[in-house]
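Enquirer: Coordinates for the following, if possible.
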Amino acid sequence: MPKLQIALDNLSFPEAVKALRDVAAEIDVIEVGTILLCAEGKRAVEYLKTMYPDKIVLADAKIADAGKIITPMMFDAGADWATVICCAEIPTIAGALAVAKERGKDIQVELTGHWTFEQAAEWKKAGVGQVVYHRSRDAQAAGVNWGPADLEKVGRLCEMGFQVTVTGGVTVEDVRFFKELPIYVFIAGRSIRDAADPRQAARQFKEEFAKYW
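Expert: You can find the predicted model right below:
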């Protein structure tokens, strides 16, 4: 069954803790979002891993360069996974992955912006196991919905052997759209954080997963 990841893209650590407190029991992966990481630094990773040692903690650093320098910073702070942006060169991705494997951790290649399946084949050749299929925040704001092209791309990534995370304003109603695919993780941010009852919102995601996987 897919894992449920909450995206903590809060502007401060207290806001993130408040958003997480009531839903943590329902969450598999805690994401220190790029916004929170920029606002509070790697200490946000350290604090959340200390508070929730049994959860997977992801540092959404979107590393573009200096993979062998930034990646260990995230892991030393307690992250289990860290993201590398898709525009990063193969040596950066390979370097980040090598650091991860040495420590029993993992990286994800974040598919934000332009990327190609030729690049994806190179990531796979380098040993990457996880990718994040991303509908951007700006695309969401422009009213761009999930469509057949998304399904085709995600399906192809799955066929290539990647563990695929799906993100980008995912709602409970969106889950069934991907029901024929072996999705590894669904990321929900505002649809949980801003819900009238966040815990129930998280539970609804889990219930929806159970229907299809």
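
Enquirer: only C-alpha atoms for contact and neighbour calcs from this point on.
Expert: Fine.

Enquirer: residue contacts, the closest residue to Ile63 other than its chain neighbours?
Expert: Among residues not flanking Ile63 along the chain, Val84 sits closest, at 4.3 Å (C-alpha to C-alpha, 6 or more residues apart in numbering). Counting by C-alpha atoms under 8 Å, 6 or more residues apart in numbering, Val84 makes contact with Ala61, Lys62, Ile63, Ala64, Ile93, Ala96, Ile107, Gln108, Val109, Glu110.

Enquirer: So which of those sit within strands?
Expert: Of the contacts of Val84, the ones assigned to strands by DSSP state E are Ala61, Lys62, Ile63, Ile107, Gln108, Val109, Glu110.

Enquirer: Hmm, the last one is touching Val132, no?
Expert: Yes. In this structure, Glu110 sits in contact with Val132. The criterion is C-alpha atoms under 8 Å, and the distance is 4.8 Å.

Enquirer: quick one, which of those two is more surrounded?
Expert: Set Glu110 next to Val132 and count neighbours by other C-alpha atoms under 10 Å: Val132 wins out with 27 against 24.

Enquirer: what's next to the top helix by length along the chain, contact-wise?
Expert: Secondary structure of the chain read by DSSP state H shows that its longest helix is helix 198-212. For helix 198-212, contacts defined as C-alpha under 8 Å, 6+ apart pick out 1-2, 4, 22-23, 26-27, 172, 175-176, 179-180, 191-192, 195.

Enquirer: Now for those: which two are most distant?
Expert: Asp22 and Glu180 (31.0 Å; C-alpha to C-alpha).

Enquirer: and the two? which has more neighbours close in?
Expert: Ranked by neighbour count (other C-alpha under 10 Å), Asp22 and Glu180 place Asp22 first, with 15 against 11.

Enquirer: Since that was my last question, I'll sign off now.
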